[in-house]
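Colleague: Let me see the structure of the following:
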Amino acid sequence: MGLNDLSQLGVSPDEERVYRAVLRAPGLGLNALALTCGLDQECLGDVVTRLQSRGMVKSDQQQRISGTDPVVVVERLVEARLSELQKELQQVISSRHLATTLLEDQREGQRNAVPGDVERIEGLEQVRSRIDELTFFTHHELLAVQPKGALSAAAIEATREADLRCLRRGIEMRTVIRADALQDGPTADYLGELAAKGVLIRAADGPLERMLIFDRRTALVPIDPQDSARGALVVHQAGMLASLLALFERFWSGAASLDQERLSDIEQQVLRIMARVDKDEAGARELNISVRTYRGHVAELMRRLGATSRVQGALAARDRGWI
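Modeller: Below is the predicted model of the structure:
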């Protein structure tokens, strides 16, 4: 298939030969056109019929054939081909569900599967493979608790692409980390990168339990909390999932957002007042600062929150855990 032929637009060689012939010599009759193109009458008749149905050629009462404007023809062919490709793409995408049925067959053969909606996975590589699989089939939300402090360079490298891929797919991500992780430069930079791209991250001072929860339907927890390399349990059972979700929400509500960590005392006070006081004069008076200074704090907070109104800013601050 070359750049100068029409096959890429779904036109057969015979159809293209006839179309080019009538462009070069418009008004040919069927006999002359058959001789020009080296086709017999029956074959030529079929080709002309197909070209007419596509609007590429037209004939007059004497059955003299002429070609339609090439600009119009190519535009129509491109639109038709794009429509076909779009349908094919949709069919391919819709076939992804087949992986689910194939994976179910695979799981039936796993000897280490524990009956009762819990799977046991041995070894770090198997755990990582299972996480990749579960992430692939996650469509809405991914919840994570990372109880370790600083992340190694290998851990960051191993998770960065998966995290960014989830964000590109529009998956909402919430992560709870240990507060002392922020003391490590590479870890803090990585978490800041994720937060800037939309991951909601909070830091907790107390003890945490490692977990990943995918679309609130499947959870992954370590077999041994002290050694995650040993393996993991994949939980599907509704009761256990409910307990893990409740535990995650307790961790989340007791943690502080990364942005909250960087808010000054005066900024936190301005946020709380902004959420309940309409007039800047009243807010400034409550804080015993000038109206100009108060408005400066409000403007900066609104910028950081990406809000266009005070009400929107207050709601965004609550969502982020700032107030």
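
Colleague: how about the helices of this protein, start to end?
Modeller: 13-24, 30-37, 41-53, 70-94, 97-108, 124-136, 153-168, 185-196, 238-253, 258-262, 265-274, 280-287, 291-305, 310-319 (DSSP state H).

Colleague: could you dump these to CSV with distance to residue 204 and mean pLDDT?
Modeller: For every residue, glycine as well, the C-beta is placed using N, CA and C. Shown next, in CSV, are the helices of the chain (distance: least, Cβ to Cβ, whole Å; pLDDT from 0 to 100):
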stretch, distance to residue 204, mean pLDDT
helix 13-24, 68, 88
helix 30-37, 78, 86
helix 41-53, 68, 87
helix 70-94, 39, 81
helix 97-108, 34, 65
helix 124-136, 22, 87
helix 153-168, 19, 84
helix 185-196, 13, 84
helix 238-253, 6, 91
helix 258-262, 11, 59
helix 265-274, 18, 83
helix 280-287, 29, 89
helix 291-305, 22, 85
helix 310-319, 18, 78
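
Colleague: wait, which of those helices is closest to residue 203?
Modeller: helix 258-262 (6.5 Å; Cβ to Cβ).

Colleague: Columns mean neighbour count on top of the helices of the chain, output as TSV?
Modeller: Shown next, in TSV, are the helices of the chain (neighbours: other Cβ atoms under 10 Å):
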stretch	mean neighbour count
helix 13-24	18
helix 30-37	16
helix 41-53	15
helix 70-94	11
helix 97-108	10
helix 124-136	15
helix 153-168	14
helix 185-196	15
helix 238-253	15
helix 258-262	15
helix 265-274	17
helix 280-287	16
helix 291-305	16
helix 310-319	16
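
Colleague: Figure out which of these is closest to residue 179.
Modeller: Checked against Cβ to Cβ, the stretch from these lying closest is helix 258-262, at 8.0 Å.

Colleague: List just the one of the helices of the chain that sits closest to residue 143.
Modeller: Closest of those to residue 143 is helix 238-253, at 5.3 Å (criterion: Cβ to Cβ).

Colleague: Give me the helices and strands touching that closest one, please.
Modeller: Under the contact criterion of 3 or more Cβ pairs under 8 Å, 6 or more residues apart in numbering; DSSP states H and E, helix 238-253 touches strand 141-146, strand 172-178, strand 211-214, strand 218-222.
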